[in-house]
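Enquirer: For reference, the sequence and a predicted model appear below.
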Amino acid sequence: MLPTNPYPRGRPGALAWPAAVLLLVGCTSMPPAVPPTIADSPWAGASTVAGVVGSADAWRHWRLPGKAEVRFVPVTVNGRHALAASADAAASVVRRKVRVEPEALGLVRFSWKVPELIAGADLAAREVADAPVRIVLTFDGDRSRFSAKDAMLAELVRAVTGEEMPYATLMYVWANQQPVDSLVHSPRTGRIRKIAAESGPARLGQWLDYERDVRADFERAFGEPPGPLVGIAVMTDSDNTRTSVKAWYGPVRLESRGDAQAAR
């Protein structure tokens, strides 16, 4: 039996659970918007993923059912190729499907610029779990290890989208109050873990660059080695807090383990 909507009709956040579910699978039940300006932009060209098995999908803007779309536009800011995000009580993602085997996983390099935080947002609270910027990595794995709650969620995902829910989702986020490098568990499912790559207002309004060890971060977040990486995305959302937010993403680059070791 599929789980019913956990929110009473009309209560704020009534669509939050389905939106989170569909984010896990890349919103495959909704037709993707494919603006050539994103797929063919310098930002997309500079966003590289090493170690891909087979052909990788293009970067695509995916809508979340029942949510207003974030406006994503390729731009040049301070001499950098960037993807500008503008959300007005909205949530959506720009995503690329890939397949990188665990032994090839290395470093992920990304950058962002955020002018202001979302007032009242808290990534650990279901009703206000918004963030101006997120880097999202999705992984395959042994779904027989799901808890009963997550198995029901996976069944719902399969029924709604016709695809399997990722085994695990790791996000790098800008938090309002959680300390830098702290681990935040999703209030909706144990299959999403967030790492606060940045926190608080001290470094707003400037480009910030990051380098993260994907394998090490996954093992710390989930307590086990990662499976294959199957998706990478950027996400801006302000739908829960019903606010407006802007941000800019630099190119997202995933290096294979061999390349990362050779560079050191």
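Expert: Nice, thanks for sending it over.

Enquirer: How is A58 assigned, secondary-structure-wise?
Expert: Applying DSSP: H, G, I helix; E, B strand; the rest coil to A58 yields a three-state assignment of coil.

Enquirer: And for it, nearest residue in space, chain neighbours not counted?
Expert: Nearest residue to A58, sequence neighbours excluded (C-beta to C-beta, 6 or more residues apart in numbering): A39, at 4.5 Å. Every C-beta, even on glycine, is put in place using the N, C-alpha and C of the backbone.

Enquirer: for the stretch 1-150 of the chain, what spans make up the strands?
Expert: In the stretch 1-150 of the chain, the strands defined using DSSP state E, counting those that start in this stretch lie at 60-63, 71-77, 80-88, 91-100, 105-113, 131-139.

Enquirer: got these as TSV, with mean pLDDT columns?
Expert: Converted to TSV, these look like this (pLDDT from 0 to 100):
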stretch	mean pLDDT
strand 60-63	90
strand 71-77	96
strand 80-88	97
strand 91-100	95
strand 105-113	97
strand 131-139	97
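
Enquirer: got a markdown table for those strands, with distance to D122 and mean neighbour count too?
Expert: Listed next are these as a markdown table, based on distance: least, C-beta to C-beta, whole Å; neighbours: other C-beta atoms under 10 Å:
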| stretch | distance to D122 | mean neighbour count |
| --- | --- | --- |
| strand 60-63 | 25 | 20 |
| strand 71-77 | 25 | 16 |
| strand 80-88 | 17 | 21 |
| strand 91-100 | 16 | 23 |
| strand 105-113 | 20 | 22 |
| strand 131-139 | 10 | 24 |
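
Enquirer: of all those, which lies closest to W207?
Expert: Among these, the nearest to W207 by C-beta to C-beta is strand 105-113 (4.9 Å).

Enquirer: Which one of the strands of the stretch 1-150 of the chain lies nearest to Y172?
Expert: strand 131-139 (4.2 Å).

Enquirer: Counting by contacts, list what the closest one packs against.
Expert: Packing partners of strand 131-139 (3 or more C-beta pairs under 8 Å, 6 or more residues apart in numbering; DSSP states H and E): strand 105-113, strand 168-175, strand 229-237, strand 244-249.

Enquirer: So which of these is nearest G190?
Expert: Nearest to G190, of all these, is strand 168-175, at 9.2 Å by C-beta to C-beta.
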